[in-house]
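Enquirer: need the 3D shape of this:
(one chain, ligands or ions: 1)
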Amino acid sequence: MFKLVRALLLISVAELLLPCSRADIGAAAHYSPPYLPTACYGGSSARFPTNNLFGAAGEGVWDNGGACGRQYLVRCISAAVPGTCIQGVTIQIKIVDQATTSKSRPSAPNTAFVLSTTAFSAIANLTASSINIEFQEL
Ligand SMILES: *[C@@H]1O[C@H](CO)[C@@H](O)[C@H](O)[C@H]1NC(C)=O
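Expert: Numbers count the residues shown, from 1 in each chain. You can find the predicted model right below:
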């Protein structure tokens, strides 16, 4: 009986910890206006977050359009030039477009995310064309 209770407790602790261990490592580039039209919402920016923390999904994240509207926590972990990352800042972004078809082209190809200038500059120096990030879907 005690063994059973302990096993159940372990399972629920594991479930609590699991969301923290889903973080992934990848790269992020940035893009500038014009942001419209998008592969997710066409010519409308009505579903863009008002804080402008949004981005386009690279092929690994795009999920055949399933990524539209998904929210991710993103933080900068390193870059080619030391001091590029703004340490200790994590942003929450919303996917509004597909990186391969975005109207304005990414600063670097084949990244997991292409961030709006507002989002990118919140976590790194905008002079970098790409940064290494840790990201986690919410
Ligand atoms: C961003 O990087 C450039 C080029 O390395 C540098 O001149 C500038 O001072 C940096 N800006 C900040 C805010 O660190």
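
Enquirer: please count neighbours and contacts with C-alpha atoms only from this point.
Expert: Fine.

Enquirer: low pLDDT regions in the protein?
Expert: Along the chain, segments meeting pLDDT under 70 span 1-21.

Enquirer: if you set the cut-off to 90 instead, what comes out?
Expert: 1-22 (pLDDT under 90).

Enquirer: what about the strands in it?
Expert: Using DSSP state E, the strands of the chain run over residues 24-31, 54-57, 71-78, 90-98, 113-116, 131-137.

Enquirer: how about JSON lines for those, with distance to Ala122 and mean neighbour count added?
Expert: As requested, these are exported to JSON lines (distance: least, C-alpha to C-alpha, whole Å; neighbours: other C-alpha atoms under 10 Å):
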{"stretch": "strand 24-31", "distance to Ala122": "12", "mean neighbour count": "21"}
{"stretch": "strand 54-57", "distance to Ala122": "11", "mean neighbour count": "30"}
{"stretch": "strand 71-78", "distance to Ala122": "9", "mean neighbour count": "21"}
{"stretch": "strand 90-98", "distance to Ala122": "8", "mean neighbour count": "23"}
{"stretch": "strand 113-116", "distance to Ala122": "10", "mean neighbour count": "28"}
{"stretch": "strand 131-137", "distance to Ala122": "13", "mean neighbour count": "21"}
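
Enquirer: right, I'll call it a day here.
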